[in-house]
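**Q** Could you work out the structure for the sequence below:
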Amino acid sequence: MEKQHKYLLILVMLLTVFILPGCQTGATRKETNEQPVHGAEDTIKIGFLGNKNGYGGSECLKGIRLAVDDINKTGGLLGKKVELIEGDHGGNSSETVRVTQSLVDRKAAVIIGDNTTGITKLAATVCQDNNVVLISPTASGSGVVEMGEYIFRIALLDSVAVPAVVRYLADTLEWKKVALVKNIGRSYTEGLAAIFKPALVRSGIEIVNEQKIRKNDTDFSAQVAALKQSSFDGLVFPGNNVEAYLFIKEMRRQGLRQAVVGGDGMYTRELIENGGIDVEGTLTYAGFAVDPESASPKTMEFVEKYRAVNNNLTPDVFAAQAYDAVNLAADAIRAAGSAEPAKFKEKLAQTKNWRGVSGTITFDRDREPVKSPVYLMEVKEGRFVIKAVIPAGLDS
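**A** The predicted structure is shown next:
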């Protein structure tokens, strides 16, 4: 009997050793309130989230690498080297949560990405739950910063750009009357039309003809024929590049020569390649463009650095704003004296008139970015050129 008691006691002890730790290991970080400690190691980690094989993602990564290299060349952050850790979701939204969690687990203090709104919002759920700062360089759709206090973006928002562009149409181009084409079936285009319409009214521009098209339409002959019944200075087209070039081609076929203005969804190579000579004079806007006449020395220095390692190509908005996102986070970390996201996110939210290579950035009371200037781009001789550099602000 004594032997049986002894064996039973040994068995209980073994179960205590092996089973109880297993129960603790199975708990999630959220359940145990355990958070990664940032900056406790020899490096401060910055994460990249994006599609390395996609154009936007690959360009963002180029900008991030340049920024990290610049920071390390000037002594790092808080006396520590900055380490870049890269997370590639391959353009698959189903991979986003896993890849983002991997960056969190590897103790990224801040994650730069994604360049799209949809994937940014998926990543935001992970970052907010784990108290890690996320900054998207270019996500401009709705519902991003609403995901939580750790979520930021520095894109040129349509709500900032459109009023500035419309003022230019009224004051400089002296447009008095416009036609408006609403694109039904896309949240982006419907939202953009909802911003353009009141901005036109506030600027005293009359909408004399309004037509509707639907997502994936290809025949616009009826709508263009209806437009011919009105006299107007220009056409406002809050659509994407595919429907834009098809619509403009139909306008030219039916003899309408007015200029067309739209949002940054039309600021693509495809518009020019597919639209050809018919899209000459088309106007759109962007959050960054290289203008040697008005660019700051800081911007031109970035342009030269980018060209030096990218076959003399000129950087676009993805690379420039990703570069700015890293440096903005770095300045917030310096100001807080800490790489702990809970501490430096407060400094980040207080950003006012921060000067980056893509322009000046201020976060409003809702942590939404107000960027200036707005670059009004025009298709001229088969390429986009800067037509105007327009200041923007909270009262745009």
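**Q** Domain parsing of this protein, as residue ranges.
**A** Under the assignment automatic domain parsing, the domains of the chain span 43-155+296-363, 159-286+377-390.
**Q** my read is Phe152 is in a strand, agree?
**A** Yes - assessed with DSSP: H, G, I helix; E, B strand; the rest coil, Phe152 lies in a strand.
**Q** Quick check on the residue nearest to it when sequence neighbours are not counted: phi, psi?
**A** Leaving aside its chain neighbours, Phe152 sits nearest to Ile135 (4.6 Å; criterion: C-beta to C-beta, 6 or more residues apart in numbering). Quick note: C-beta positions are derived from backbone N, CA and C, even for glycine. Torsion angles at Ile135 (phi, psi; degrees, to the nearest 10) stand at phi -130, psi 120.
**Q** And Tyr375, by the same measure?
**A** Torsion angles, degrees, to the nearest 10, at Tyr375: phi -100, psi 110.
**Q** can you tell me how far it sits from Gly287?
**A** 7 Å (C-beta to C-beta, to the nearest Å).
**Q** Then Ile64?
**A** Ile64 is 17 Å from Gly287, by C-beta to C-beta.
**Q** Neighbour count: these two, which is higher?
**A** Using other C-beta atoms under 10 Å as the criterion, Ile64 and Gly287 rank with Gly287 on top: 29 against 24.
**Q** Would you mind listing the residues in contact with that one?
**A** Thr138, Ala155, Leu156, Ala161, Asp264, Val317, Gln321, Ser358, Gly359, Lys371, Val374, Tyr375 (C-beta atoms under 8 Å, 6 or more residues apart in numbering).
**Q** Equivalent analysis for Ala332, please.
**A** Taking C-beta under 8 Å, 6+ apart, we find Ala332 in contact with Phe344, Lys345, Lys347, Leu348, Thr351.
**Q** Export the residues you listed as JSON lines, with columns for pLDDT and neighbour count.
**A** Output for the contacts of Ala332, formatted as JSON lines (pLDDT from 0 to 100; neighbours: other C-beta atoms under 10 Å):
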{"residue": "Phe344", "pLDDT": "98", "neighbour count": "25"}
{"residue": "Lys345", "pLDDT": "98", "neighbour count": "22"}
{"residue": "Lys347", "pLDDT": "98", "neighbour count": "17"}
{"residue": "Leu348", "pLDDT": "98", "neighbour count": "24"}
{"residue": "Thr351", "pLDDT": "98", "neighbour count": "19"}
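**Q** any idea which of these is closest to Leu283?
**A** Lowest distance from Leu283 to the contacts of Ala332 (C-beta to C-beta) belongs to Thr351, with 29.9 Å.
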